[in-house]
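Trainee: Sequence first, predicted model second:
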Amino acid sequence: MTRWIDISQRLDSNVPTWPGDTPFSYRLTWTKQMSGSVNVGQITMSTHTGTHIDAPFHFDENGKKVLELDVNLYVGPARVIHLPAMDQGAIGSIGVEDIERVDLQGVTRLLIRTGAWEERRVFPEKIPEIRPELAEYLAGRGVQLLGLDLPSVDPLDSKELPAHHALTRHHIHILEGLVLDDVPAGDYELAALPLPLADADGSPVRAVLRPLYSG
Ligand SMILES: Nc1ccccc1C(=O)C[C@H](N)C(=O)O
Ligand SMILES: [Zn+2]
Ligand SMILES: [Zn+2]
């Protein structure tokens, strides 16, 4: 039995938040001393803080909300690939030509390590973006979940969110804010389940991987 590796951002008061969005906080509503029996906590956070999934309702009024998403998307085999050119500070975009060399045979969950978000404690100023035409290419190869080590699949100042929309149009679901720094490229089993939030536009997840050995 191989062990599960945590690929989630730690949620504490220092976790970076999208500029202007709700800061993360955990506090005790009741202490054990106050209640006489238990500590009871309260969390306040944006649904897009740390490692999280986007529901289509995040960017589409008629899009699915978190509870309507199929849990099967978020558990199962996943391939991790590295785009080493990105972590040299050469921030660009991720398109078909960056992925073309990768064998995507049988890959339904693709996790991309760009290494471009180096200073984890600070929200990045610029990130590589997914070029919208990549959505069609990935969908054509059977990809249904795209995960990245970035806080968004579009440029941070984008209002149109072309990559979010293109991915959704092609039935590819979005997982953001992964921590893949120490994860070698290869095949894994992934679990990154959203909470059963009935009306939500996104959800934090605890994302974990364990190596899959074939043969
Ligand atoms: N938290 C926010 C607050 C304001 C505006 C955007 C956001 C986002 O998180 C959007 C981002 N495009 C995302 O991929 O989830
Ligand atoms: Zn998001
Ligand atoms: Zn997003």
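Mentor: Thanks, I have it. Ligands and ions are numbered 1, 2, ... in the order given.
Trainee: contacts, neighbours, all on C-alpha from now
Mentor: Noted.
Trainee: residues from this structure in reach of ligand 2?
Mentor: With the criterion set to CA under 5 Å from the ion, the chain comes near ligand 2 through His48, Asp54.
Trainee: Point to the residue nearest the middle of this structure.
Mentor: Nearest to the geometric centre of the chain sits Glu176, at 2.0 Å (CA atoms, centre = their mean).
Trainee: residues touching that one, list them.
Mentor: Gly50, Thr51, His52, Ile53, Asp54, Gly147, Leu148, Asp149, Leu150, Pro151, Ser152, Val153 (CA atoms under 8 Å, 6 or more residues apart in numbering).
Trainee: In which helix or strand does Gln33 reside?
Mentor: Assessed by DSSP states H and E, Gln33 sits inside helix 32-35.
Trainee: tell me the mean pLDDT for that helix?
Mentor: Regarding helix 32-35, the rounded mean pLDDT is 97.
Trainee: Put the alpha carbons of that helix into PDB.
Mentor: Provided in PDB are the C-alpha atoms of helix 32-35 (Å, rounded to 0.1, in the frame of the first residue of the first chain):
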ATOM      1  CA  LYS A  32     -14.400  24.200  26.100                       C
ATOM      2  CA  GLN A  33     -14.200  26.400  29.100                       C
ATOM      3  CA  MET A  34     -17.200  28.500  28.000                       C
ATOM      4  CA  SER A  35     -19.400  25.600  27.000                       C
END
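Trainee: got the contact list for it?
Mentor: Val38, Asn39, Val40.
Trainee: Can you give me the pLDDT of Arg121?
Mentor: 93.
Trainee: Next, count neighbours for it.
Mentor: Neighbourhood size, Arg121 [other CA atoms under 10 Å]: 12.
Trainee: Repeat that for the one 10 residues further on.
Mentor: Neighbours of Arg131 under the rule other CA under 10 Å: 19.
Trainee: Surely it is in contact with His164?
Mentor: No. Using CA atoms under 8 Å, Arg131 is not in contact with His164; the gap is 10.0 Å.
Trainee: Torsion angles phi and psi at the residue of the chain positioned farthest from its centre?
Mentor: Relative to the C-alpha centroid of the chain, counting by CA atoms, centre = their mean, Gly36 is the outermost residue, at 39.5 Å. Here is the backbone geometry of Gly36 (degrees, to the nearest 10): phi 80, psi -10.
Trainee: ok, now how distant is Gly36 from Trp30?
Mentor: Gly36 sits 9 Å away from Trp30 when distances are taken as CA to CA, to the nearest Å.
Trainee: Over to Ile174?
Mentor: Ile174 sits 36 Å away from Trp30, going by CA to CA.
Trainee: Looking at these two, which one has more neighbours?
Mentor: Using other CA under 10 Å as the criterion, Ile174 and Trp30 rank with Ile174 on top: 22 against 15.
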